[in-house]
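Q: Any chance you could fold what I've pasted below:
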Amino acid sequence: MPTKELGEQAEAGAGSTDTALTLGEILQQERLRRGLSEKEIADRLHITKHYVRALEANSFEKLPGAVFAKGYIKNYALLLNLDASELIRLYEEFSRTQSAVSESQLGRNTRRKLDRNKFWLVVSVLVFVGGFTLLWLYHNFVTKNEVDGAGTRPSPPGLTQVTTSTAAAEPGRASTPPQVPRSSPVVSVGPESKPISDANVIAVLAAIAVGNPQNTAPSTPIESVTIAAGNREIDALVVAVASSLENSRLIEIGSAGEDLLRITFSGESWIEVNDGESRQIYRDLREAGDVLEITGNAPFNILLGDAVFIRMSLNGSEIDVSTKIRIDNSARLIVGL
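A: This is a model prediction of the structure:
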């Protein structure tokens with residue numbers, strides 16, 4: 001079609017639809033007017049039918065590139081006897097319009113991403129500042145209060161005197177087998193010494209240091225002993241006694257019965273104790289330094305979570321727990337049968 005016919009066709013299209021025909025519509029209408037199929041055009045132009053459809057649908061982004069697109073448009077126009085330069089001009093205008101639209105869309109997408117990033121940035125900053133503030137408050141107030149509270153507690157007695165209290169006898173304990181008095185000696189270290197043997201004092205101190213003073217007592221009850229300074233073995237035991245008395249915590253559980261079960265903890269362990277009638281007497285988690293004394297009727301059914309940290313005695317007699325320890329360090333045993 002000559003240039004005049006192309007212009008008339010565009011004007012006719014504009015008059016009928018109030019919109020100028022696009023490049024693709026001009027190619028498609030002329031092809032149909034000539035009675036040619038897409039395959040025939042593709043064979044004559046040596047391109048695929050997909051490219052023919054892309055040209056007629058203005059989907060130029062499906063073509064290999066702008067140079068190829070212009071070449072296909074020129075050959076297509078010559079095949080249909082159209083003005084190739086006019087169609088290429090329409091292609092360039094279309095490309096500029098699409099480019100502007102793409103840039104505008106890209107700008108909007110970029111602004112949306114920036115807005116989202118700003119939001120999360122603000123949230124992150126607020127979270128960081130809030131966390132830092134809470135940490136600062138905890139460090140400056142909570143920790144300080146704990147330190148101040150610890151500072152107001154009475155300090156442990158010095159090594160110059162170690163004292164243990166005498167446990168009051170319970171009314172129901174009168175008929176129990178004779179027990180070594182539960183009162184522990186008062187030990188003081190000073191430049192003067194009273195006439196008492198170091199061996200006797202060492203025995204008392206060693207018993208107190210391991211948390212079982214009733215098992216090792218001197219032949220004569222000692223209420224107050226003064227030790228001459230300079231005996232290193234005694235000095236070390238005095239330190240051990242002070243540490244033992246400071247860290248130990250006595251828990252007394254009373255139930256019907258006269259048997260005394262004493263359990264000393266050197267580490268954290270779970271413990272459950274039932275009496276001879278399968279009634280639960282005690283069940284809890286104890287820590288290192290705890291001493292549990294349970295009064296009841298033997299036998300006692302005992303479950304230990306970490307038996308390696310346990311020392312046990314019944315009515316003053318030591319019980320060997322090590323033979324009952326299982327592979328997971330727990331133990332179940334019955335004492336007092």
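Q: Any stretches of this protein with poor pLDDT?
A: 1-19, 104, 107, 143-248 (pLDDT under 70).
Q: Mark out where each domain of it begins and ends.
A: Taking automatic domain parsing as the criterion, the chain consists of the domains 1-153, 157-164+175-247, 248-337.
Q: how deep is the closest residue in space to residue 77 that isn't next to it in sequence tucked in, by neighbour count?
A: What sits nearest to residue 77 in space, not counting adjacent residues and going by Cβ to Cβ, 6 or more residues apart in numbering, is residue 84, at 4.0 Å. Glycine gets a C-beta too; all of them are placed from N, C-alpha and C. Number of residues near residue 84 (other Cβ atoms under 10 Å) recorded here: 16.
Q: Quick check: residue 84 touching residue 78?
A: Yes. In this structure, residue 84 is within contact of residue 78 by Cβ atoms under 8 Å, at 5.9 Å.
Q: any idea whether residue 277 is helix, strand or coil?
A: coil (DSSP: H, G, I helix; E, B strand; the rest coil).
Q: which residues in the protein form strands?
A: 161-162, 186-190, 224-228, 249-254, 259-265, 269-274, 280-286, 290-296, 300-304, 310-314, 317-319, 331-335 (DSSP state E).
Q: just checking, what packs against the fifth one?
A: Taking 3 or more Cβ pairs under 8 Å, 6 or more residues apart in numbering; DSSP states H and E as contact, the helices and strands that strand 259-265 lies on are strand 290-296, strand 310-314.
Q: Which residues outside the shortest one are in contact with it?
A: Outside of strand 310-314, the residues within contact range by Cβ atoms under 8 Å, 6 or more residues apart in numbering are 210-212, 215, 259-266, 269, 271, 298, 300, 302, 304, 318-319, 321, 331, 335-336.
Q: contacts for stretch 38-50?
A: 31, 51, 52, 53, 62, 72, 75, 76, 79.
Q: what about burial for those residues, which qualify?
A: 31, 51, 52, 53, 72, 75, 76, 79 (16 or more other Cβ atoms under 10 Å).
Q: mind giving me CSV with the residues you listed and columns for distance to residue 111?
A: Below are those laid out as CSV (distance: Cβ to Cβ, whole Å):
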residue, distance to residue 111
31, 43
51, 36
52, 39
53, 35
72, 36
75, 42
76, 40
79, 45
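Q: nearest to residue 98, of those?
A: Residue 98 lies nearest to residue 72 out of the buried ones among the contacts of stretch 38-50, by Cβ to Cβ, at 17.1 Å.
Q: give the contact list for the closest one.
A: 45, 47, 51, 55, 63.
Q: ok, these vs residue 25, which is closest?
A: residue 55 (10.8 Å).
Q: What separation is there between the closest one and residue 324?
A: 92 Å (Cβ to Cβ, to the nearest Å).
Q: Could you export the contacts of residue 72 as CSV, including distance to residue 120?
A: Converted to CSV, the contacts of residue 72 look like this (distance: Cβ to Cβ, whole Å):
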residue, distance to residue 120
45, 52
47, 48
51, 45
55, 45
63, 40
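Q: In helices, which of these appear?
A: 45, 51, 55 (DSSP state H).
Q: didn't the last one look like it was pressed against residue 76?
A: Yes. The pair residue 55 and residue 76 qualifies as a contact (Cβ under 8 Å) at a distance of 6.2 Å.
Q: Show me whatever sits in contact with both of the two.
A: Common neighbours of residue 55 and residue 76 (Cβ under 8 Å, 6+ apart) are residue 27.
Q: residues contacting residue 63?
A: 51, 54, 55, 69, 72.
Q: quick one: which of those is nearest residue 134?
A: residue 54 (61.2 Å).
Q: any idea how far residue 60 is from the closest one?
A: Counting by Cβ to Cβ, the gap from residue 54 to residue 60 is 7 Å.
Q: Then residue 80?
A: Taken as Cβ to Cβ, the span from residue 80 to residue 60 is 18 Å.
Q: Could you list the buried residues of stretch 28-46?
A: 28, 29, 30, 31, 38, 41, 42, 45.
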